[in-house]
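Undergrad: 3D, please:
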Amino acid sequence: MPITIAKPVSNKEAGAFYSPEGVASSLLAWAIRSPDDRLLDPACGDGRFIAGHRKSVGIEQDAHAAATARTHAPWALVHEGDFFEWAANTKERFECAAGNPPFIRYQTFKGEVRARALDLCAKLGTKFSGLTSSWAPFLVAAASLLEPGGRMAFVTPAEIGHAPYAAPLLEYLISHFGSVRIVAIREKLFPSLSEDCWLLFADGFGGVSPFIEFSIQEQFVPSKTLTAPSMRVSLREWRNVWNRRLRPFLAPKTVRDIYRDVSCNPDTLRFGDIAAIGIGYVSGANDFFHLRPSVARAMDFPSHLLHPTVRNGRVLPAKRLTEATVQKWRDADDPMLLLCLSKTGSVPRQVLRYLDTDEGRAARETYKCRNRDPWYSVPDVQVPDLFLSYMSGISPSLVSNEALCSCTNSVHGVRIRELSAIPHLVRSWDTPFMQLSCELEGHSLGGGLLKLEPREAAQILLPPPAMSHELASPAIREALHTMRRWRHYSDQG
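TA: Predicted coordinates for the structure are as follows:
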């Protein structure tokens, strides 16, 4: 009788990108102290970690990968299935754990697997938010299966240095291991991926770490031992000054001290002190709701239902969005008019005809449209005072909205609370210190881009004018260059 094997999921779907041999062998060499140690790989993939040690146990949810792992490591015990279900029920314990956990973002890390993962971690004392990617719960669950004194060594996304959901993981590690080290590596471990990867080493399960060891390396060099850490990160500073993020420690200490002094100055403002920063609207069907002027004229749509809008940050000019720029969009017949219908008002006949086209019927079936009432009324359309680029290359753009446009969620809308602060904000925006603040408060997206979430943008520092001279030092400029190199912006040109 033939055996039916389910179609394998793609590497992207499974979050499976297998570690280079030198990385796997280095992590194993550190984690394993004795031939008798039992090794756990909670997501063993094709088996390259468990193939490096005779007493190994691997867990793998994909049947094809599990079969490959058994071929690579015939001596290992490979369990096929969900790691979190297995971890919640097993009585087995291990002297060490190593591997490369799957990196599945929260949008696809869902369903029963996600529920089991978060429930297990909660029982272990670690509560993750709904925005958690898969790898962080994997590490908490794997650590919980170690014997007292056990070690673990894992490849992690560089998000361990800045993502809010990484903070509960690090808090778990420092409260359950005698030492925790994060190794930041600038050159990519996986050249084909935009995602940067760092390394995690934790030793002495059952202990408590008095600090976080942080090592900074330009490139990965295979080694059986760990060199001395670049620094010992104070837990108080990590928590209170840097909001439980390690990425700012890539900057030199002298600059971090300056930045801390500025943040403690009573005259310093955070961007969020003077403005509300939020994403623009989500239409649910951009091609349907954004009309070209020629189409709007042909359909004789009333002008008061059409609002000029910024569809993405690439169309924004450098400093000011004026009527002249909007007119250029009109002349080019760009799709820059948002069909803006109220929830309760009557809908003109010509618009009803448009809503009932094939495109309209397709739009109403999209997720956002079918979950709002009425489906054709785009919510949260606002006219901000300024636009802030969401993702940027060399630096984020801050653009005044003199044309009174709205914007999609590909651009941040900024509504100013303190109008008197606008001149100082605009003058200071392109200074090295404020651009460094964007780097320290934001994070790398991959491909050289800097990403600023609204919560991150709200933390950008606006120092008082009296400090402008001392903040124009070469050290600030050099630190700005360093942070851009770490997000690979300098590699793009």
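Undergrad: tell me the bridge partners for Ser444.
TA: Beta-bridge partners recorded for Ser444 (DSSP bridges): Leu450.
Undergrad: check which helix or strand covers the nearest residue to Leu316 once chain neighbours are set aside.
TA: Take Leu316 and drop its neighbours on the chain: the residue closest to it by C-beta to C-beta, 6 or more residues apart in numbering is Val399, 5.0 Å away. Any C-beta I mention is one placed from the backbone N, CA and C, and that applies to glycine too. For Val399, the element it lies in under DSSP states H and E is strand 398-401.
Undergrad: other residues contacting the very next helix or strand once past that strand?
TA: Next helix or strand after strand 398-401 toward the C-terminus (DSSP H and E): strand 406-407. For strand 406-407, the external contacting residues (C-beta atoms under 8 Å, 6 or more residues apart in numbering) are 280-281, 307-311, 338, 340, 381-384, 387, 413.
Undergrad: quick one: stretch 394-412 to chain centroid distance?
TA: 21 Å (C-alpha atoms, centre = their mean, to the nearest Å).
Undergrad: buried sites along it?
TA: If you call a residue buried by 16 or more other C-beta atoms under 10 Å, then stretch 394-412 has these buried ones: 395-401, 403, 405-408, 410-412.
Undergrad: ok, those vs Leu235, which is closest?
TA: Pro396 (30.3 Å; C-beta to C-beta).
Undergrad: contacts only, for that closest one.
TA: Here Pro396 is in contact with 388-389, 438, 442, 450, 452, 457 (criterion: C-beta under 8 Å, 6+ apart).
Undergrad: go again using 6 Å as the cut-off
TA: By C-beta atoms under 6 Å, 6 or more residues apart in numbering, the contact set of Pro396 is 389, 438, 452.
Undergrad: from Glu80, how far off is it?
TA: From Pro396 over to Glu80 the distance is 46 Å, taken as C-beta to C-beta, to the nearest Å.
Undergrad: try Ser395
TA: Using C-beta to C-beta, Ser395 is found at 48 Å from Glu80.
Undergrad: and for Asn89?
TA: Distance of Asn89 to Glu80, given as C-beta to C-beta: 15 Å.
Undergrad: give me the more crowded residue out of the two.
TA: Neighbour count, other C-beta atoms under 10 Å: between Asn89 and Glu80, Glu80 has more, with 16 against 7.
Undergrad: dump stretch 171-185 to PDB, restricted to CA.
TA: Taking only C-alpha atoms (Å, rounded to 0.1, in the frame of the first residue of the first chain), the coordinates of stretch 171-185 have been written out as PDB:
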ATOM      1  CA  GLU A 171      13.500  38.900  31.000                       C
ATOM      2  CA  TYR A 172      12.800  35.200  31.200                       C
ATOM      3  CA  LEU A 173      16.400  34.300  30.200                       C
ATOM      4  CA  ILE A 174      18.100  36.700  32.700                       C
ATOM      5  CA  SER A 175      15.800  35.400  35.500                       C
ATOM      6  CA  HIS A 176      16.500  31.700  34.700                       C
ATOM      7  CA  PHE A 177      20.200  31.600  33.600                       C
ATOM      8  CA  GLY A 178      23.400  32.500  35.400                       C
ATOM      9  CA  SER A 179      24.700  34.200  32.300                       C
ATOM     10  CA  VAL A 180      23.100  35.500  29.000                       C
ATOM     11  CA  ARG A 181      25.100  36.600  26.100                       C
ATOM     12  CA  ILE A 182      23.800  38.200  22.800                       C
ATOM     13  CA  VAL A 183      26.200  38.400  19.900                       C
ATOM     14  CA  ALA A 184      25.400  41.000  17.300                       C
ATOM     15  CA  ILE A 185      26.800  40.300  13.900                       C
END
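Undergrad: re earlier: what's the farthest-apart pair in the buried residues of stretch 394-412?
TA: Farthest-apart pair in the buried residues of stretch 394-412 is Ser395 and Ser406; separation 24.0 Å (C-beta to C-beta).
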